[in-house]
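Undergrad: Build me a model from this:
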Amino acid sequence: MWDLPIFDRVSELLDFWIPGPHRSEKAYREDLYEFLLENVRRHPVKKEASPSLADLGIGTKVAIELKFDFSSKAQADKLFTQIAGHLNSHREGVFCVFCGRTSVNTINYVKTLVNTRLKRSELAIFPTDRIRFVYK
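TA: Have a look, this model is predicted:
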């Protein structure tokens, strides 16, 4: 587990992360930030990282975008834009972490945007398997 590329290491850590019940995105972000600080030692963990302002960033390699009570098309469109921005500044990948009440239909809409628009854009060189959706 320790010798994995940082994207794969973060993926495993997100599987192990068990957040407390929180009432806001900010509280989930703080919880995950503390968890990553304890478990990611060789890479800096920062809040509002990089020019794309990811909720959390691990160096310039991984962006983490948290969403709380995610259910509207407007939120989905914004998330898609954020993902596209993060791809420019985080070379290993992007995680979208959903907490609280989430709409499966809204998440599927974002996945459709990623799989259609990103594959047809100048970002098509970025493998969409480096965008992961995590549900907590």
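Undergrad: Now do the phi/psi pair for the closest residue to Leu113 other than its chain neighbours.
TA: Excluding the flanking residues, the one nearest Leu113 by CB to CB, 6 or more residues apart in numbering is Phe80, at 4.4 Å. Where C-beta positions appear, they are placed from N, C-alpha and C, glycine not excepted. Main-chain torsions, Phe80, degrees, to the nearest 10: phi -60, psi -40.
Undergrad: Extract the residue ranges of this structure that are flagged as low pLDDT.
TA: Scanning the chain with the threshold set as pLDDT under 70 gives 1-3, 49-50, 119-128.
Undergrad: how does it look with 90?
TA: Confidence mapping of the chain against pLDDT under 90 gives the ranges 1-4, 20, 41-42, 48-53, 59-60, 84-85, 87-91, 114-130.
Undergrad: all strands for it, in order.
TA: Residue ranges of the strands in the chain, as given by DSSP state E, are 45-49, 54-58, 62-68, 93-99, 131-135.
Undergrad: Turn the ones you listed into JSON lines, including mean neighbour count and distance to Ala27.
TA: JSON lines is the format used below for the strands of the chain (neighbours: other CB atoms under 10 Å; distance: least, CB to CB, whole Å):
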{"stretch": "strand 45-49", "mean neighbour count": "16", "distance to Ala27": "13"}
{"stretch": "strand 54-58", "mean neighbour count": "24", "distance to Ala27": "12"}
{"stretch": "strand 62-68", "mean neighbour count": "25", "distance to Ala27": "9"}
{"stretch": "strand 93-99", "mean neighbour count": "24", "distance to Ala27": "9"}
{"stretch": "strand 131-135", "mean neighbour count": "16", "distance to Ala27": "17"}
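Undergrad: Before I go, just wanted to say thanks for your time.
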